[in-house]
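Chemist: Okay, predicted coordinates and the sequence, questions at the end:
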Amino acid sequence: MKQHTSQSNSELFAWVALASAQRISPKIWLQTLEHYQLSPADLAGNSSSLPDAVKQLVDQISKPLIDAAFLWQQAADNRHIISYSSSYYPQSLKQLDSPPLVLFTTGDSALLRSPQIAIVGSRRASMQGKRIASEFASGLSNNGVAVTSGLAMGIDSAAHQGALSGNTGTVAVMGTGPEVVYPAKNRTLYEAINNDKGVTVTEFFPGQGPKPWHFPRRNRIIAALSLGTLVVEAKIKSGTLITANLAADMGREVFAVPGSIFHAYSEGCHLLIQQGAKLVINIIDILDEIGLQPEQLGLDVNEQNEKSAANSLATDKLLASVDYDITAIDVIAQRNALSVSQAMASLLEYELRGLVAAVPGGYVKLRGK
């Protein structure tokens, strides 16, 4: 399927033409259509009968960008251009002051109309932060909620990967053209999203690379698509907090994971909580707030048994002796009156259960108490 069938070729072409006028904001085009009672096709067609003010706008239309858009679309069956008037266009985006006139999507674009939670945070996230993002994303995905993020390093990548491991999938909003992967090292993740339970989406035309002003525009789409935004780790002055504030301004929920008061990347989360964001420690906190019932809490009988076993293990002394920061093996051994080799042998079981991880310098606790 080369295009969604909810719109004609001429209608789609007209919307792409308007969007190609890069110096004209979508808001101006929408106001012009309404004021003059015109259709996009009226503007993209013969402009000789149009008012002079409208002609000046139409003169900004870029044929090279239009050609690039349709060449990109025709190159693969899972590529789509979704216009503002298409039934596939997410209604939540229409709440934006200047919503994209077209979206370029690759993958399962039906996900755009699924319930979504954004998970965002620092590009230089801690190992613990990435683990939290991944586990939240996996849990949400297993409960029918798509996870939306920005395809950046750190928390974004962990969120996308966690969501892909679940049942629903992930939405990656890009700050570049649909085939330009930024950062380049996320190409494998980009391919995985497009080919398996995910969709990449952007308002930028094919061939357009990353520009500083692209990312605030990307962030407004992330915030608008989602029922709420979860911040895992962020500094106070960061794009992550801009996304959270955009979400709050749109009346969306804002969630934040608390952290150590000594960690710079917890400062943004703590500020958000002080400003009224909901402090969350598990996905039930999020599902309750957005009014979605967890599908049997996302657990079947076997998973419940495994969770019970994990929880009983989590209460014992050995696991309690491992910190969320790196704990040296000799410290763990000393705390448990064991030899180093005995402690390492015992910790192997916890590693296999995903409760701890061996890292340079010792072990870190991943979950449990």
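Modeler: Everything's here; your move.
Chemist: and residue 281, that one's in a strand?
Modeler: No. Residue 281: not assigned to a strand; according to DSSP: H, G, I helix; E, B strand; the rest coil it is coil.
Chemist: residue contacts, the closest residue to it other than its chain neighbours?
Modeler: In space, and not counting its chain neighbours, residue 281 is closest to residue 257: 7.4 Å by Cβ to Cβ, 6 or more residues apart in numbering. C-betas here are computed from N, CA, C, even on glycine. Residue 257 makes contact with 132, 136, 230-233, 269, 279-281 under the criterion Cβ atoms under 8 Å, 6 or more residues apart in numbering.
Chemist: Only whichever of those are buried, select them in ChimeraX.
Modeler: Remark: buried members of the contacts of residue 257, expressed as a ChimeraX selection using 16 or more other Cβ atoms under 10 Å:
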select :132,136,230,231,232,233,269,280
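Chemist: Report the contact partners of residue 192.
Modeler: 164, 198.
Chemist: Next secondary structure after the helix or strand containing it?
Modeler: Here residue 192, judged by DSSP states H and E, is contained in helix 187-195. Next in sequence after helix 187-195, counting helices and strands by DSSP H and E, comes strand 198-202.
Chemist: Compute the mean per-residue pLDDT across that following strand, please.
Modeler: Across strand 198-202, pLDDT averages out at 98.
Chemist: Could you do stretch 237-253 as well?
Modeler: Here the average pLDDT along stretch 237-253 is 91.
Chemist: mind listing what's buried in it?
Modeler: Applying 16+ other Cβ under 10 Å to stretch 237-253 flags 238-248, 250, 252-253 as buried.
Chemist: Over to stretch 320-333?
Modeler: 321-322, 327, 329, 331-333.
Chemist: Send over that stretch as CSV, restricted to the C-alpha atoms.
Modeler: In CSV, the C-alpha atoms belonging to stretch 320-333 read as follows (Å, rounded to 0.1, in the frame of the first residue of the first chain):
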residue,chain,number,x,y,z
ALA,A,320,19.7,-6.0,50.4
SER,A,321,23.5,-5.7,50.6
VAL,A,322,23.7,-4.7,46.9
ASP,A,323,23.2,-0.9,46.3
TYR,A,324,21.6,0.8,43.3
ASP,A,325,25.0,2.4,42.8
ILE,A,326,28.0,0.2,42.1
THR,A,327,28.8,-2.0,45.1
ALA,A,328,32.2,-3.7,45.2
ILE,A,329,32.1,-7.5,45.5
ASP,A,330,34.4,-7.5,48.6
VAL,A,331,31.9,-5.1,50.3
ILE,A,332,29.0,-7.5,49.4
ALA,A,333,31.0,-10.5,50.7
